[in-house]
Each structure stands twice: as structure tokens, then as C-alpha cells.
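Peer 1: here is the input, now give the coordinates:
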Amino acid sequence: MVIQDTLFVLWLMVAGPLWAVLGLFLLPGVNRGRKNEDLIPDTTLKIAGVIGGFALGPVGLGLFYFEPTLIRRTTLTIGVVLTVFLSSQVMVRVVDPHFPSALWLILAGPLWAALAAYFIPRHYRDQEADDQNVLTAAALGGFAIGPLIFGLMWKTTPKINRDWMIVLGSLGAWQIYTLFAIQNPTNPCVQAPFSVTYLTQQTANGVVIGCIYSLMAVGLTLIYSVQGIVSFAHGQLYMVGGYFSFYFLLHAGNLLSELTGTEVQVNPIWGIPVAAIIVFLMGAVFERIFLKPMHEGLIERVSEYAILITFGFGFVIEYTTLAVAGPFPQRTNRFIDIRRFTLQRTQITDEFAFGPINIIGDRAFAMVVGIVLIFALLYFLQRTWTGRALRATSQDRQAAAVTGINPTNMNTLSFGMGSMLAAMSGAALIPIFAWVPWVGAEMVGRSYVIVVLGGLGSVPGALVGGIVVGIVEALGAGCHPDPSRGAAYKEAFALVIFALVLLLKPTGLFGQEQH
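Peer 2: So this is what the prediction gives:
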């Protein structure tokens, strides 16, 4: 195997896997002769030994051995970053791009993940140790550090917490990124210095569209938090909100043109409140007729009924819209005349420049609309009597009824408001995307992912989850080696996030454990 320089060999001598193994077994000796109150958990020492040995070899081990007070979360995080940076810098100097992949598969990767996931949880059960989250940590550890995970978890069977998952998951993700960079050196996401501007541009695009995703997901969250059901008509309510906005703008423009004698185009911003009012009434009437009996105990199998009735409601909306509007794509005029906002190019050094960063004007305007509406909802829920009544109903229906709150009215209000938020999201996006009757099916899938990511019932979680999903989709599509395929796989990237959240933190970022 041809290597451009001796850096790879030098790194193996002064740091790297060998020193990591030595640190795994040597650093726990720090506890010898120490008082009980000064003891450092063996698991922490082993992790510090692996990180210090892999990053700085004997220097790292010496620092941790003679100054155990340096073993803190901040220090270990810096060590992980340094480890990843050094190993990636070594690997990019290998001429044959297949060598790093083969080496990674030997030292870590899918095979070790499968072995760790099979053997380590069984060992925990044999030792009668707490095996919560062990399967996930073992799989992530095998994928990230290969056989070293057996040394970390086999002997002491430590209790696995979220920090384990974050460190192991981040290390595995960075390894994948490094291998991707080696295999695709001309990809815009890894081609420095251009990659910094490109990644910033994709991230900005993701944040902008993610805020709009959040507006729709917030409505789904509100319905679930109060009524305890998932509305399967949410995507269709989003779609029909866009169509109500379109037809209002069309007829209002024609009417004003006839009255004034000149062509008048109504700004799409006026379509948002119109769609909100109409769809709020639709949702409230539907809830009163079809969901109220469910909460009054007239339906035996509540969960199945809620799924079927909301799915049927969405089916009726979609195919009624298809019959009335037809299958042809529609789009309204622009919100603002500014086509894009530009952060100008900045020359930082002779060889490195940052920018320009462009944000489409209509998307930026829609993002502002989404953020304003979400914060208005938060103010309504936190500062008004009706908002507090909704929150009280979501926490304990019976206790809320005792204090004079009518849970039936709160159910209707929550479903109407949730439907209204979906419609406003659609009305905000119809100037940006081509609108067809089945556009809601794609968006509602994202909403479910966002709600789970942010935490069921959490409005701030929906906002953060939407931004995360938007960024992941933008980076996934922008960094794919084939841009056309990357755009087609956008939903798949969101589903990967969905699966990881279910594995690592099923309650979501802001969700609470149910007892």
C-alpha cells in the first residue's frame, strides 16, 4: 500500500489504536491508594484512557494519569474532537481511497456492531446488570470503535446513559463523513475551502424551510397534546389551506380588477388568514360531529376509531379537491419582489473567501411568518386564560373539569387550531412550491418525524425538530454524489433521523417520560 508520507506511520507510533488499548487497561490504576471519596469511576477512567491514548498517545495518558482532575466531560469531548481530526487528516493522505474503508471495516464498522449488539446485552443479563440502552450503545460502539467496546463494557458492565450514546454516535458519524470525503474528494461538501460556504448555504436553506415545516408540525402537536390522538388528515388540511389561499387571491384579484378597471394582484399574505379561518371552522365542525362521541365514551375502541375517522376525513378532502381543482399544478404570486437576500463574499485570506450566501426572498418571508405564528401560539398558550385551559386539559382532563374548564370545548378548540396551523403553513408555501391535491402526503410524513424528534406534545420541540429535519434534508440532498438522486432521497434522510431518535431517545428532544 502506497502512502504519500510517513505521517500515518508516525501517528501509529506516537498515538492511535495501540495506545488506546493500553490506556483502557492502564488508566484505571489511578484509583490505587486513593480514598473512597476521591475515587473516579472505572468506566470514566477507561473512556479517558481510550480517548487520551488514541488522540495523544503517551502524552494524553500521562496527563490523565498524573492529573486525574483533568478527566472531565469538556476534556473528553475535546479529546474526541482531536482524535477524529488527527485520524481523518492521516487518512486523507492515503493514495488508495479503498484502503481507509477496508481498514475501518476491520477495526470497526457493521460487523463489529452486529457482534457487540448480540453478545454484550446477553453478558449484561448474565451478570444481572441494568441492561437499559445497552443494545443501542453496544451497536453504536461496535460501529464506532470496534472491539474496544467489549473492553469498555464487558468487565464492569457500566450503566449506560445518554452521554455514551452521544459520544459513540458522534464518533461513528464522523468516521462515515471522513470515509465519504476520501471516496468523494471533489464533492462540494468536503472540498475545502469551498465546502465552508457551500455547507453554510445548505444549512441556511434548511433552517428557512425547517421553520415552515415546524408550523405544520406544531398543529399536529397541539392536537395530540390535548386529545391524545394523531390526526391522519393533517396533510390534507395543509394542502387545502394552500388551495383556499389560491382561489381567494384569484377571485379577489379578478373582483378588484373589475372594480378599478386595471389589473390588480392581491399579495399572498392575505390568503393566510382566509385559509386559517375556513380551515379552523372545518376542523371544529369535524371534531364536534365525529370526535366528540369518542371523548364521551360512546366509542369502544377509541384509538382505532381516531385513526380511521381522521384518515377518512383526509381522504374525502383530497379527492374532493382533486375533483374541484383538477390535477394541474397551481402557484400564487410572490410575497415580495426581492428574489433573494445575499450575504456578500468576504475575502478572509488570500486563499480563503467566505460567501456569497443566498436566501430566496419568498422562503425567507415564509420563514418569518412561521416563526411569528409559532411564537404567537406560545404566547397564547402561556399568557391567556384559554391557552392555560388548553394546557390544563392536556395534563389532566378531570382536574381541569373540576376547576370549571369545559374539556369538550377545549377538544374542539385544539383540533380547530391544529387544523388552522396546518392550513396557514400551506398558504405560506403555495407561492414557493407547485401545488397539487396530493402535496400533503409528502409533508405529513415530515410532520410525524418532526413531532417525534421534538417530543410528543412539545411546541418548542416541534420548532427545533422542524429546523433539524430541514437542515438534514438540505445537507443530505446537497452532499449526495448524484444531486438528482439526492433530491429524490430527501424524505429518506428524514426517516434516518426518525429511526435514530427512536433508538437513542424515544421521548424526543423535549418529551417527557410517561409514568
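Peer 1: can you name the residues that contact K490?
Peer 2: 473, 476-477 (CB atoms under 8 Å, 6 or more residues apart in numbering). C-beta here means a position set from N, CA and C on the backbone, and glycine is covered the same way.
Peer 1: pop the domain breakdown of this structure in here.
Peer 2: 1-95, 97-183, 194-504 (automatic domain parsing).
Peer 1: re earlier: as a markdown table, the contacts of K490 with distance to N254, secondary structure and neighbour count would be great.
Peer 2: Below are the contacts of K490 laid out as a markdown table (distance: CB to CB, whole Å; DSSP: H, G, I helix; E, B strand; the rest coil; neighbours: other CB atoms under 10 Å):
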| residue | distance to N254 | secondary structure | neighbour count |
| --- | --- | --- | --- |
| E473 | 37 | helix | 26 |
| G476 | 42 | helix | 21 |
| A477 | 38 | helix | 20 |
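Peer 1: I'd like to know which of those residues is nearest to G23.
Peer 2: Nearest to G23 among these, counting by CB to CB, is G476 at 35.6 Å.
Peer 1: with adjacent residues omitted, what lies nearest to the closest one?
Peer 2: Using CB to CB, 6 or more residues apart in numbering and skipping the chain neighbours, the partner closest in space to G476 is F493 (3.5 Å).
Peer 1: and L298, how many neighbours?
Peer 2: 9 (other CB atoms under 10 Å).
Peer 1: wait, a helix at it?
Peer 2: No: secondary structure of L298 (DSSP: H, G, I helix; E, B strand; the rest coil): coil, not part of a helix.
Peer 1: ok so, going back, now tabulate the contacts of K490 in JSON lines and tack on pLDDT and distance to F280.
Peer 2: Converted to JSON lines, the contacts of K490 look like this (pLDDT from 0 to 100; distance: CB to CB, whole Å):
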{"residue": "E473", "pLDDT": "88", "distance to F280": "29"}
{"residue": "G476", "pLDDT": "85", "distance to F280": "35"}
{"residue": "A477", "pLDDT": "84", "distance to F280": "34"}
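Peer 1: for H123, state which of those is nearest.
Peer 2: Nearest member of those to H123, counting by CB to CB, is G476, at 36.1 Å.
Peer 1: please name the residues that touch the closest one.
Peer 2: 486, 489-490, 492-493.
Peer 1: against R339, how distant is the closest residue to I432 other than its chain neighbours?
Peer 2: Among residues not flanking I432 along the chain, D362 sits closest, at 5.3 Å (CB to CB, 6+ apart). Using CB to CB, to the nearest Å, D362 is found at 8 Å from R339.
Peer 1: ok, G109 next?
Peer 2: 46 Å.
Peer 1: looking at the two, which is more packed in?
Peer 2: Taking other CB under 10 Å, G109 and R339 do not tie; G109 has more neighbours (21 against 11).
Peer 1: tell me how many other residues surround the residue nearest to I471 when sequence neighbours are not counted.
Peer 2: Leaving out its chain neighbours, the residue that sits closest to I471 by CB to CB, 6+ apart is G206, at 3.5 Å. Residues within reach of G206, counting by other CB under 10 Å, total 24.
Peer 1: what about C189, how many residues nearby?
Peer 2: By other CB under 10 Å, 18 other residues sit near C189.
Peer 1: got a list of what it touches?
Peer 2: C189 neighbours (CB under 8 Å, 6+ apart): 195, 198-199, 202, 475, 478-479.
Peer 1: just V451 next, same as before
Peer 2: Contacts of V451 (CB under 8 Å, 6+ apart): 217, 220-221, 224, 461-462, 465, 508.
Peer 1: from these, pick the one nearest G60.
Peer 2: G508 (35.8 Å).
Peer 1: low-confidence bits of the stretch 1-150 of the chain, can you list those?
Peer 2: 1-14, 17-18, 33-38, 84-101, 103 (pLDDT under 70).
Peer 1: 80 - rerun?
Peer 2: Under the criterion pLDDT under 80, the flagged ranges of the stretch 1-150 of the chain are 1-22, 24-26, 28-44, 54-55, 69, 72-107, 148.
Peer 1: next one: the stretch 301-450 of the chain
Peer 2: 342-356, 442.
Peer 1: would you map the helices across it?
Peer 2: 302-325, 361-383, 385-395, 397-402, 407-429, 439-454 (DSSP state H, counting those that start in this stretch).
Peer 1: I'd like those as a markdown table, with distance to Y213 appended.
Peer 2: Below are these laid out as a markdown table (distance: least, CB to CB, whole Å):
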| stretch | distance to Y213 |
| --- | --- |
| helix 302-325 | 18 |
| helix 361-383 | 8 |
| helix 385-395 | 22 |
| helix 397-402 | 30 |
| helix 407-429 | 8 |
| helix 439-454 | 6 |
